[in-house]
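Asks: Below are the sequence and a predicted model; questions follow.
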Amino acid sequence: MRPRHPLRVFSGQWSSQVIRPAGLLTIAMGLLAGCGATAPQPAVPPPTPSPAQVAVPTTPSTVRSKLLLEDPKLVIKQEEQLPLAPGTFAIIGDEIIINDYLQDKIAIYQGGKRITAFDKPSTIVDMAIRDGKWYLLDTDSTVTVYTRTTKGLKQIRTIPLPELDPGTESAYNSLYFEGPNLIAYNGDPVLVDGPGPVLPEPETTKLDHAFHLTDGNTNATIPVKYDPFSIDRIALTDQHVFYEVTDWADDNDKQFRQFIVQFTLDGQLVHTYAIHRRGSTAEGRQFVVTDGKLYQMWISNKTVKVFLIEPNG
């Protein structure tokens with residue numbers, strides 16, 4: 001749910017020009033000419049044009065993916081309740097890191113098999129990993145930074161998050177990188193680490209079976225099968241931005257689609273991705289983007305799977 005460097009994310013600029021009456025301008029220029037002076041002409045940069053609109057093709061329903069991991073031992077079915085299952089995962093190279101909720105461990109898989117596991121230093125709400133540093137969000141609204149050792153994790157420092165308003169029902173429930181910034185989310189994004197600023201959400205307009213999306217660089221029309229429901233930015237890297245698109249048929253809860261659209265930071269369409277429909281409504285991280293690749297964790301009452309999602313076409 002979302003890495004960075006010097007980003008050119010919002011490139012729009014406002015410019016203004018002062019318009020003077022032509023007669024006064026002529027008189028002023030004549031006086032200056034008589035004095036042997038030349039009026040300085042300020043350099044006014046041309047306004048930055050709006051990005052060209054991109055028409056996104058309809059995303060096919062067929063999912064193209066590679067199964068990387070399946071482990072039924074990660075989940076327990078609960079009668080009339082959501083299953084007990086991992087709430088988050090991460091990818092480092094060819095390793096899959098999963099918060100094993102049942103065994104209270106951080107489990108590491110490689111080649112589809114669990115190769116090691118170690119005790120969690122705290123109750124993990126979410127985690128983000130970059131440049132050898134593990135950032136863990138706990139239930140005490142603290143982000144603790146660790147490095148990995150042969151025995152587990154070694155603490156480096158802690159970052160307390162701003163206190164939430166008393167009585168609020170929200171809590172910090174996700175942690176992710178967006179460009180150079182580490183963000184904690186509690187209904188609103190909060191800067192944890194990095195230069196800032198926190199980027200605003202994209203502007204979306206619901207059309208007839210389509211969305212119009214703008215984010216400062218991207219200007220796109222995205223078709224959907226049913227009624228447009230929501231668009232969420234799930235990842236921002238130093239080269240690309242990924243959006244999850246959801247549509248919904250109001251008269252049938254089973255009729256909905258979700259897919260991913262990927263753009264460059266200057267608004268060019270890269271790929272669309274059909275994704276696996278959720279096997280459970282269990283809350284938690286569903287997607288990770290690492291090294292430009294899209295991964296999906298799929299949970300049901302019986303098993304947990306991790307897929308590498310491949311682009312359409």
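Replies: Here it is on my side, so go on. Numbering: from 1, shown residues only.

Asks: How about the contacts made by Lys73?
Replies: Leu102 (Cβ atoms under 8 Å, 6 or more residues apart in numbering). C-beta here means a position set from N, CA and C on the backbone, and glycine is covered the same way.

Asks: cutoff 7 Å now
Replies: With Cβ atoms under 7 Å, 6 or more residues apart in numbering as the criterion, no residue contacts Lys73.

Asks: How about Leu136?
Replies: 122, 124, 127, 143-144, 146.

Asks: go again using 6 Å as the cut-off
Replies: Contacts for Leu136 (Cβ atoms under 6 Å, 6 or more residues apart in numbering) come out as 124, 127, 144.

Asks: Following the chain past the lowest-mean-pLDDT helix or strand in the chain, name the next helix or strand.
Replies: Sorted by mean pLDDT, DSSP states H and E, the helices and strands of the chain end with helix 22-34, the least confident at a mean of 40. Sequence-wise, the next helix or strand downstream of helix 22-34 (DSSP states H and E) is strand 54-55.

Asks: Could you name the helices and strands sitting against whichever helix or strand comes after that next one?
Replies: For strand 54-55, the succeeding helix or strand toward the C-terminus, using DSSP H and E, is strand 65-70. The contact analysis (3 or more Cβ pairs under 6 Å, 6 or more residues apart in numbering; DSSP states H and E) places strand 65-70 against strand 304-309.

Asks: So which bits of the strand it packs on are buried?
Replies: Judged by neighbour count using 16 or more other Cβ atoms under 10 Å, the buried positions of strand 304-309 are 304-307, 309.

Asks: can you give me how far stretch 61-74 is from the chain middle?
Replies: Centroid separation for stretch 61-74 versus its chain: 21 Å, with Cα atoms, centre = their mean, to the nearest Å.

Asks: Oh, that last question was meant for stretch 304-313, not what I typed.
Replies: 17 Å.

Asks: residues making contact with that stretch?
Replies: 60, 64-71, 74-75, 96, 271-273, 275, 294-298.

Asks: now stretch 238-245
Replies: Outside stretch 238-245, the residues that reach it (Cβ under 6 Å, 6+ apart) are 4-5, 222, 231-235, 259-263, 289.

Asks: If we use 8 Å, what do you get?
Replies: Residues outside stretch 238-245 that contact it (Cβ under 8 Å, 6+ apart) are 3-5, 7, 59, 179, 202, 211, 213, 215, 218, 222, 224, 230-236, 258-265, 270, 287, 289, 292, 294.

Asks: ok, now stretch 164-174?
Replies: With Cβ under 8 Å, 6+ apart, stretch 164-174 has contacts from 1, 125-126, 137, 139, 141, 161, 184-187, 190, 283, 285.

Asks: In a markdown table: those, plus secondary structure and pLDDT.
Replies: Formatted as a markdown table, the contacts of stretch 164-174 follow (DSSP: H, G, I helix; E, B strand; the rest coil; pLDDT from 0 to 100):
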| residue | secondary structure | pLDDT |
| --- | --- | --- |
| Met1 | coil | 44 |
| Val125 | strand | 94 |
| Asp126 | strand | 96 |
| Leu137 | strand | 97 |
| Thr139 | coil | 90 |
| Ser141 | coil | 91 |
| Leu161 | coil | 95 |
| Ala184 | strand | 96 |
| Tyr185 | strand | 93 |
| Asn186 | coil | 90 |
| Gly187 | coil | 87 |
| Val190 | strand | 95 |
| Glu283 | coil | 81 |
| Arg285 | coil | 93 |
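
Asks: Tell me which residues touch Lys105, please.
Replies: Counted by Cβ under 8 Å, 6+ apart, Lys105 has contacts 117-120.

Asks: let's see it at 10 Å
Replies: Contacts for Lys105 (Cβ atoms under 10 Å, 6 or more residues apart in numbering) come out as 98-99, 114, 116-120, 152.

Asks: can you tell me which of these are in strands?
Replies: Residues of the contacts of Lys105 located in strands (DSSP state E): 98-99, 114, 116-119.

Asks: Is there a quick PyMOL command that grabs whichever of those are buried?
Replies: Burial among those is assessed by 16+ other Cβ under 10 Å; the matching PyMOL selection reads:
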select buried, resi 98+99+114+117
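
Asks: Out of the ones in strands among the contacts of Lys105, which comes closest to Phe89?
Replies: The closest of the ones in strands among the contacts of Lys105 to Phe89 turns out to be Ile98 (Cβ to Cβ; 4.8 Å).

Asks: Only the buried subset of the contacts of stretch 164-174, as a PyMOL command please.
Replies: Only the buried entries of the contacts of stretch 164-174 go into this PyMOL selection, using 16+ other Cβ under 10 Å:
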select buried, resi 1+125+126+137+141+161+184+185+186+190+285
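
Asks: ok, the contacts of stretch 164-174 vs Gly196, which is closest?
Replies: The closest of the contacts of stretch 164-174, once distances to Gly196 are taken by Cβ to Cβ, is Val190, at 10.7 Å.
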